[in-house]
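Colleague: here is my input, please return the structure:
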Amino acid sequence: MNYFILTYTIYLLVSIALTIWVARVLFKNGRIFLVNIFHGNADLADYVNKLLVVGFYLINIGYMTLALKEVGTIGSVQAVVEVRSQKLGWIILILGGMHFLNLIIFFKLRARAQQQLQPITQ
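Modeller: You can find the predicted model right below:
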C-alpha cells in the first residue's frame with residue numbers, strides 16, 4: 001500500500017494549522033510593539049502588522065509547497081510518521097526562527113523610536 005496521499009494530507013493540515021496559529025499570535029501580540037514604534041499611530045501600526053503577516057504566510061506557504069515532494073518510498077504508517085516528522089520539524093524551526101527574527105526587529109525598531117523621542121542634551 002502506498003501512503004503518499006496520507007503523508008501529504010497530514011503534512012499540509014498540520015503545517016497550515018501551525019502557520020495560522022503562529023501568524024495570529026504574532027499579529028495580536030506584535031501590534032503593541034508597532035504602535036510604540038510608530039509613536040502611537042495605531043493605523044500605521046495595523047497596516048504594517050497586516051503586511052508582516054502576509055509576508056509571513058507567503059514565506060511559510062512557499063516553503064511548505066517546496067517541502068511537500070517526497071522522492072523516497074512510503075510503504076508503512078511508520079514511514080508516514082518519520083517522513084512527516086522531519087518535514088514538520090523544519091516548518092517548526094522556520095516558524096520559530098521567524099518569530100525570533102520578528103522580535104529582534106521589533107526591539108531594535110522600538111529602541112530607535114525611543115531614542116528619537118529623547119531630547120538632545122548638550
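
Colleague: what helices or strands is the helix or strand where residue 54 lies leaning on?
Modeller: When elements are assigned from DSSP states H and E, residue 54 belongs to helix 42-67. Applying 3 or more C-beta pairs under 8 Å, 6 or more residues apart in numbering; DSSP states H and E, one finds that helix 42-67 contacts helix 4-37, helix 77-117. C-beta: built from backbone N, CA, C; applies to glycine.

Colleague: compute the inter-axis angle for the longest one and helix 4-37.
Modeller: Just to be clear, that refers to helix 77-117. Using axes from the mean of the first three to the mean of the last three C-alpha atoms, to 10 degrees, the direction of helix 77-117 lies 10 degrees away from that of helix 4-37.

Colleague: and helix 77-117, what other elements does it pack with?
Modeller: Other helices and strands packing on helix 77-117, by 3+ C-beta pairs under 8 Å, 6+ apart, are helix 4-37, helix 42-67.

Colleague: mean neighbour count and mean pLDDT added to the ones you listed, as TSV?
Modeller: Converted to TSV, these look like this (neighbours: other C-beta atoms under 10 Å; pLDDT from 0 to 100):
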stretch	mean neighbour count	mean pLDDT
helix 4-37	16	86
helix 42-67	14	88
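
Colleague: follow-up on the earlier one: roughly how far is the helix holding residue 54 from the heart of the chain?
Modeller: Here the centre of helix 42-67 is set off from its chain's centre by 8 Å, with C-alpha atoms, centre = their mean, to the nearest Å.

Colleague: relative to residue 115, how far out is the residue nearest the centre of the chain?
Modeller: In the chain, the C-alpha closest to the average C-alpha coordinate belongs to residue 95, at a distance of 4.2 Å (C-alpha atoms, centre = their mean). Using C-beta to C-beta, to the nearest Å, we find residue 95 at a distance of 31 Å from residue 115.

Colleague: ok, residue 63 next?
Modeller: Here the distance between residue 63 and residue 115 works out to 35 Å (C-beta to C-beta).

Colleague: cool, residue 22 as well?
Modeller: Look at residue 22 and residue 115: by C-beta to C-beta, they are 30 Å apart.

Colleague: one more: residue 60?
Modeller: Looking at residue 60 against residue 115, where the rule is C-beta to C-beta, the gap reads 33 Å.
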